[in-house]
Every structure is written in structure tokens, then in C-alpha cells.
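Peer 1: quick one: sequence and predicted model below, then my questions.
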Amino acid sequence: MGGALSLQRVLSGELSRRNFLTRPPEPSPEMLLSQPSGSVFIGKTKLLSVPFFWGPKKLVNPHLCVAGITGSGKSYFIKTFITRANIVMGSNALILDWAGEYCDWVRAAGGRVISFGQEGINLLELGGASPHNRSRQVLEALELLAELPKNSPQARLTEEALEQAYGSKGFAINKPAHSGKKAPTLQDVHRLLLARSKSKKDAAVSQDSSEAARRIRNLLLSSGKSFTVSTFPLSSLLSGLVCVDLHSLPSESLRSIAGLAILQFVKERMRAGEYSATPLPKLFVVVDEAWKIASDGNSEVATIVREGRKYGFSLIVASQNPTDVHRSIFSSAGTVMCFRLTLSSEREYVRSSLSYSDYFEEQSHSLSVGQALVHLEFSRHQACPRDFIISKIEGEELLETCTIRGGKMVLELEKSELSRKLLSFGLTDRQSAEVFSEFERKNYSVEAQKFAAMLEKMGHGKSAVVSLLRDLGASERELLSVFSEGKGRGEKGALEAEVSLRDEGRSKK
């Protein structure tokens, strides 16, 4: 049949755009596959469906940074990861839980939950450090988190009171502690500062001591016994599956002080241990939503990132907002898992830290629940891409997703995460079950107006429902597209003006 096949002249530029002979942008199978006995299976790549086994032997370090909005699959990934790491590598896990979202899972998995408020830790417990070093660590925590002015007379007097408190209990200031001695507490430090404030020899010292004592007193009053009595041995944190639940502490600063104290102990134990010849981590430390200590490039988080590999420690830093994690931590991790992010400023922070291509920037806009952009830093130079997309985290349990849609808004969330958010929002177990019954009837996809109407019927105002949707990842303009339907031009214009101001404020922030 003449004319069925003909030759055409094609420019090389047009030919290159067709890319039919170009390998998709993914690492080679040799870098994605590892021995099952020393690696953790995560899922399959989106383009070529190559199984990805996380193997620390091939990476520059075993640390992970995980970012993603609520319900995008972040916590589901972490639970799956540490479960398989324990099975495959025999690794232990310590979770510092700022929001209380891991507690039920840890209990169900046979682990131990330590709830601050009911239990506590003496901030002056040495944990292997000398009294002088522990005094410096406590002082740094107070300067960072309790608004104690850095390098001020108040800070100097507080450090002197800390060392004096150790001396009063029979500790040599520069020597490791002997067993059997009971460490002093912040109450002892407060009494020493208060006594010095009553001195009439130096008015300036008296005033500074009084102000330092006031800060310690406020910390003691707001934290109860959480920072004065150790109700569990610190060594118990390093074996098995342990979750330290910090969400009951009344402020972010108190949660951060507790988390920082535990990380300081972990660091001391890490440095006291022997060099680890095996690259397989012995302990994974999960720090989730700890923005006050993860945003400091000189914190214990950064120290463990720098030194953890040689001692068999691995850090997993997780956050809804990647800008809460200091760039030196974010860009130094051997593995970055980036789930869906709604704000362009957050995606730009990730891209500028990892320097990935336009292709992955475009793909990151439309990640669904359980999909993640992965960045690997190999221990040796490899002539292959370091970035790829996981089509879905393949966990130990089914990853069920719920969708709330309306206008320009499409929210996809883990069912377990949405359930936790609804309970935190104030719904009873019965009301939450009613909401999920509606999701089941609608094939797990509910209109936003219907979702809002159900919550309003249960006694929650529209403004509260809008705040919940915003917390679930909806942008201001998406909310506008949902709730401005059917409104008059004047009312809609007012809403648009309000959204414009909010967007500008979020951008500046």
C-alpha cells in the first residue's frame, strides 16, 4: 500500500523533546535496590515502578528529614519506617511526640509511652555528663526557650547557682558523677538565686538574682513536677519502642525544654558509646514538629545529625512546614521525604535546599496522599539522578484516604489523621463515627459544604469549621472558592479583600 510509510525531516531539537530514548529522571536500580536484610522497603517509584529499599550503606548518613501537611502521609511513613527497621535491623526507636499522635500506635505496637505531666524528668539529672557540662546545657536551654538573656548577668548568676547546687550535693564540678548521689533540682537553684537576691552588698547583683529567680519560679509553676523529679531511668529511653508524649505540657517552650533535655541525654550517651563499625542504626530518634529546637543550627538536633552516624544513631526530623527545620539540618540529611506542601514558599525552601529540577517542582504541586518526592545523598558520587517520586508509601496497614472537595479545593487526608483532627476539634467518638459514615456512603469523597454543614449541625460555628479546613491544608483562596458560592457581589468582594490581606500576611511570614 503505497504512501502508508513516508520519511520526514525532523529537526534535532524536536527529536530531543520527544525523549523516547531518554531514561526517566530516577536513580539507577542498583542505587534503589538493597539487600533486604539491611534495608527498609518504602514503595515503588512513580515512573518505572522500581522497588525502593532505604539502605544506609549507600547514603552519606542515616538521617531523614520528612515534610508534609497534615494528612499527606508523613506520620504514616514514619510509623511504617521504624516498624520495618526494627524487624529488619533490630533497631530501637525513641519518639519525641509534640502533638500526641503516636501514643495510641506505640501502645498497640507493644511499646512504652511516657506522658509528661504524669511523669517527668529532673532537668539537672546528669545522664553521663559532668556537673559543669550539664550546667552549661541547662543554661543554653533556658537561654533558648525561657527567654533568659544570653550572656547577661542573669545568665551568669544562673550558671553559678547551677554549679553551686551540684556542689551542695557533693558532686565534683568537672568529674563524672558517682553512683548513689542524688542530683539537685531547679527548686534548689531557685532557692540559691532567691537567697542571693536578698544580699545588700551589691544592688545590681541583688536585682539580677531576683530576676533570674523569677524566671526559674515561672518555669517551675508552669511545669509542675515535670522538670524536678525523674520518674523513669533515662537509660530506658534507648531500648525498645518508646514514645515521650509532650503534648500535655501547656506551652511550646515547655515541650521544647523537655525534648531538648532528652536529646542532650541521647547525645551524651551517643558520645560515651563506642564507634560503630556497622552503618546500620541502633537507634532512630524521631523529632516531630519540634520547630523551636529544629530551627536552631547549633542545637542538639544538628549535633546528632553531624555525629550520629559513627555512633549508630539516626535522627528523623519531621515537620508540616519545612522552613521550621534549619537549612543546615535539612540539606545535610542523607534522605529527604517531601510529601504534599500547599504554600509555594515552603516548596521553594525545599527546592533551594536540595536544588532539584523544574520537572520535580512541577510534580510536587500535585502529590496525592502517600506520594512523596525523595532526595538521596549517596556516600559516593553517582552519575545518576538523586531525586525521584514514590508512587505511594506501601505500609504495614492499608493507607485509607478521605477527600474533601469543593470549588477549587481538593483536600486528601489519611483517615487516621482526619480522625485525630476531628477529635481534637471537639467531636465525640459518636460524632466522628457519623462523619466517617458519610465518607463511606460517598466513596470517601465528601463535598466541603456538606462536611461544613455536618459540623455546624453538631454545634460548631462556620468560622471554627473554616479554621479546621485551613488546619487540614486548605489555602485562603481555596476556602474562598468554597464559601463564596451563592453570595452577592458586595459580600464576595469583601471576602476576596480579606483573603488578599491574609495571603500577603502569610507570604511575609
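Peer 2: Done, it's in.
Peer 1: pLDDT below threshold where in the chain?
Peer 2: Applying pLDDT under 70 to the chain flags residues 1-24, 177-179, 275-278, 396-398, 485-509.
Peer 1: change it to 50
Peer 2: Along the chain, segments meeting pLDDT under 50 span 1, 15-16, 20-21, 491-492, 494-495, 497, 499, 501, 503-509.
Peer 1: show me how the record splits it into domains.
Peer 2: Domain segmentation of the chain under automatic domain parsing yields 29-120+231-393, 132-223, 401-508.
Peer 1: comparing those domains, which comes out most buried?
Peer 2: Mean neighbour count, computed with mean count of other Cβ atoms under 10 Å, is highest for domain 29-120+231-393 among the domains of the chain, reaching a mean of 20. The way it works is simple: take the backbone N, C-alpha and C, and place the C-beta from them, glycine included.
Peer 1: make sure Ile389 is indeed in a helix.
Peer 2: No. Read with DSSP: H, G, I helix; E, B strand; the rest coil, Ile389 is strand and lies in no helix.
Peer 1: beta partners for it?
Peer 2: Residues in a beta bridge with Ile389, per DSSP bridges, are Leu373.
Peer 1: and it, how far from Ser49?
Peer 2: Note on Ile389: its distance to Ser49, by Cβ to Cβ, to the nearest Å, is 11 Å.
Peer 1: now Gln320
Peer 2: Separation of Gln320 from Ser49 (Cβ to Cβ): 29 Å.
Peer 1: next one: the residue nearest to Leu220 when sequence neighbours are not counted from Leu219, what distance?
Peer 2: Among residues not flanking Leu220 along the chain, Leu186 sits closest, at 5.9 Å (Cβ to Cβ, 6 or more residues apart in numbering). Distance of Leu186 to Leu219, given as Cβ to Cβ: 7 Å.
Peer 1: just checking, what packs against the helix or strand encompassing Gln187?
Peer 2: Following DSSP states H and E, one finds Gln187 within helix 186-197. Applying 3 or more Cβ pairs under 8 Å, 6 or more residues apart in numbering; DSSP states H and E, we find helix 186-197 packed against helix 153-168, helix 203-223.
Peer 1: alpha carbons of the last one, in CSV - could you do that?
Peer 2: By that I understand helix 203-223. The C-alpha atoms that make up helix 203-223 are tabulated as CSV, following Å, rounded to 0.1, in the frame of the first residue of the first chain:
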residue,chain,number,x,y,z
ALA,A,203,22.3,46.2,94.5
ALA,A,204,22.9,45.2,90.8
VAL,A,205,23.6,41.6,91.7
SER,A,206,20.6,41.5,94.0
GLN,A,207,18.4,42.8,91.2
ASP,A,208,19.7,40.4,88.6
SER,A,209,19.5,37.5,91.0
SER,A,210,15.9,38.4,91.8
GLU,A,211,15.0,38.5,88.0
ALA,A,212,16.8,35.1,87.4
ALA,A,213,14.9,33.6,90.4
ARG,A,214,11.6,34.9,88.9
ARG,A,215,12.3,33.2,85.6
ILE,A,216,13.1,29.8,87.3
ARG,A,217,10.0,30.2,89.5
ASN,A,218,7.7,30.8,86.5
LEU,A,219,9.2,27.7,84.9
LEU,A,220,8.5,25.6,88.0
LEU,A,221,5.0,26.9,88.4
SER,A,222,4.0,26.3,84.7
SER,A,223,5.6,22.8,84.5
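Peer 1: I'd like the next helix or strand past that helix.
Peer 2: strand 241-245.
Peer 1: and that next one, which strands flank it?
Peer 2: With DSSP bridges as the test, strand 241-245 pairs up with strand 92-97 (parallel), strand 112-115 (parallel).
Peer 1: what sits up against the first one?
Peer 2: By Cβ atoms under 8 Å, 6 or more residues apart in numbering, the surrounding residues in contact with strand 92-97 are 82, 85-86, 102-103, 106, 111, 237-247, 259, 262-263, 266, 282-288, 290.
Peer 1: same thing with stretch 219-230?
Peer 2: By Cβ under 8 Å, 6+ apart, the list of residues contacting stretch 219-230 reads 116-117, 120-123, 125, 142, 146, 185-187, 190, 249-251, 254, 257-258, 261.
Peer 1: again, only using 7 Å
Peer 2: 116-117, 120-123, 125, 146, 185-187, 190, 249-251, 254, 258 (Cβ atoms under 7 Å, 6 or more residues apart in numbering).
Peer 1: next one: stretch 384-403
Peer 2: Contact partners of stretch 384-403, identified using Cβ under 7 Å, 6+ apart, comprise 25-28, 31, 42-46, 52, 73, 76-77, 80, 83, 356, 360, 363, 369-378, 410-415, 418, 439, 444-445.
Peer 1: so what's Gln371 up against?
Peer 2: 389-392.
Peer 1: including distance to Ser197, could those go into JSON lines?
Peer 2: What follows is those, written out as JSON lines (distance: Cβ to Cβ, whole Å):
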{"residue": "Ile389", "distance to Ser197": "60"}
{"residue": "Ile390", "distance to Ser197": "58"}
{"residue": "Ser391", "distance to Ser197": "63"}
{"residue": "Lys392", "distance to Ser197": "61"}
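Peer 1: among those, which one lies nearest to Gly308?
Peer 2: Closest approach to Gly308 among these (Cβ to Cβ): Ile390, at 24.2 Å.
Peer 1: skipping adjacent residues, who's closest to that closest one in space?
Peer 2: Closest to Ile390 by Cβ to Cβ, 6+ apart is Gly43, at 4.5 Å.
Peer 1: one more: Glu159?
Peer 2: Leu139 (5.0 Å).
Peer 1: can I take it that that neighbour is in a strand?
Peer 2: No. Judged by three-state DSSP, Leu139 forms no part of a strand; its state is helix.
Peer 1: and it, how far is that from Ser366?
Peer 2: 47 Å.
Peer 1: list the helices and strands the strand or helix carrying Leu479 packs on?
Peer 2: Counting by DSSP H and E, the element that carries Leu479 is helix 476-483. For helix 476-483, the elements it packs on are strand 409-414, helix 462-471, helix 489-508, judged by 3 or more Cβ pairs under 7 Å, 6 or more residues apart in numbering; DSSP states H and E.
Peer 1: and if we set it to 8 Å?
Peer 2: Using 3+ Cβ pairs under 8 Å, 6+ apart: helix 476-483 touches strand 409-414, helix 448-457, helix 462-471, helix 489-508.
Peer 1: what does the helix or strand hosting Val66 rub up against?
Peer 2: Using DSSP H and E, Val66 sits within strand 64-67. The set of residues external to strand 64-67 that reach it, using Cβ under 8 Å, 6+ apart, is 74, 77-78, 81, 314-322, 325, 329-330, 333-339, 341, 346, 350.
Peer 1: just the strands in the stretch 201-350 of the chain please.
Peer 2: Listed in chain order, the strands of the stretch 201-350 of the chain (DSSP state E, counting those that start in this stretch) span 241-245, 283-288, 313-319, 335-338.
Peer 1: out of those, which is closest to His63?
Peer 2: Nearest to His63, of all these, is strand 313-319, at 4.7 Å by Cβ to Cβ.
Peer 1: now do that closest one against strand 283-288, angle only.
Peer 2: Put simply, strand 313-319 runs at 10 degrees to strand 283-288, going by axes from the mean of the first three to the mean of the last three Cα atoms, to 10 degrees.
Peer 1: just checking, what packs against strand 313-319?
Peer 2: Packed against strand 313-319 by the contact rule (3+ Cβ pairs under 8 Å, 6+ apart) you find strand 64-67, helix 74-89, strand 283-288, helix 291-294, helix 300-311.
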